[in-house]
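J.: take a look and give me a structure for this.
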Amino acid sequence: MEVACDGEPLRTLPWSSADYFELEADANRLLAECGLTSRPPGRLWLLKPPQEFVSLDATLSWLVRSAKEAGLDIVANQPFVLRVQRDLDVLFASGT
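T.: Residues are numbered from 1 along each chain as shown. Take a look at the predicted model:
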């Protein structure tokens with residue numbers, strides 16, 4: 001976490017447990033609003049792109065383009081999540 005106060009230089013401090021749990025609660029609240037389940041605590045997620053994409057970034061860029069072409073705003077909301085889920089189902093089902 002970065003902290004600055006009363007014109008002092010920016011300091012980097014470790015997160016406290018309370019900070020971590022507050023951030024997790026916020027993230028899980030947003031996920032619930034989007035119709036998704038909470039993140040499992042203490043897990044590291046390793047993501048692999050579909051076969052035809054060279055990187056996760058390329059996959060994410062394609063998903064964003066697809067949502068924009070469908071007229072969706074790129075924000076964490078249920079319509080965007082449903083579109084991404086549909087596109088991912090198609091990508092992984094087709095092997096593309």
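J.: show me what contacts the spatially most central residue of the chain?
T.: Nearest to the mean C-alpha position of the chain, counting by CA atoms, centre = their mean, stands residue 76 at 8.4 Å. With contact taken as CB atoms under 8 Å, 6 or more residues apart in numbering, residue 76 is in contact with 30, 33-34. (Each C-beta comes from the backbone N, C-alpha and C, glycine too.)
J.: please list the members of those that lie in strands.
T.: Assigned to strands by DSSP state E, none of these qualify.
J.: of these, which is the most crowded?
T.: Neighbour tally across the contacts of residue 76 (other CB atoms under 10 Å): the maximum, 15 neighbours, falls on residue 34.
J.: burial count for the closest residue to that one other than its chain neighbours?
T.: In space, and not counting its chain neighbours, residue 34 is closest to residue 81: 4.4 Å by CB to CB, 6 or more residues apart in numbering. Residues lying near residue 81 (other CB under 10 Å) number 17.
J.: and the helices in the chain?
T.: In the chain, the helices defined using DSSP state H lie at 17-33, 56-69, 78-94.
J.: now for the shortest one, which elements pack on it?
T.: Just to be clear, that refers to helix 56-69. The contact analysis (3 or more CB pairs under 8 Å, 6 or more residues apart in numbering; DSSP states H and E) places helix 56-69 against helix 78-94.
J.: same for the helix it packs on, what does it pack against?
T.: Against helix 78-94 (3+ CB pairs under 8 Å, 6+ apart) you get helix 56-69.
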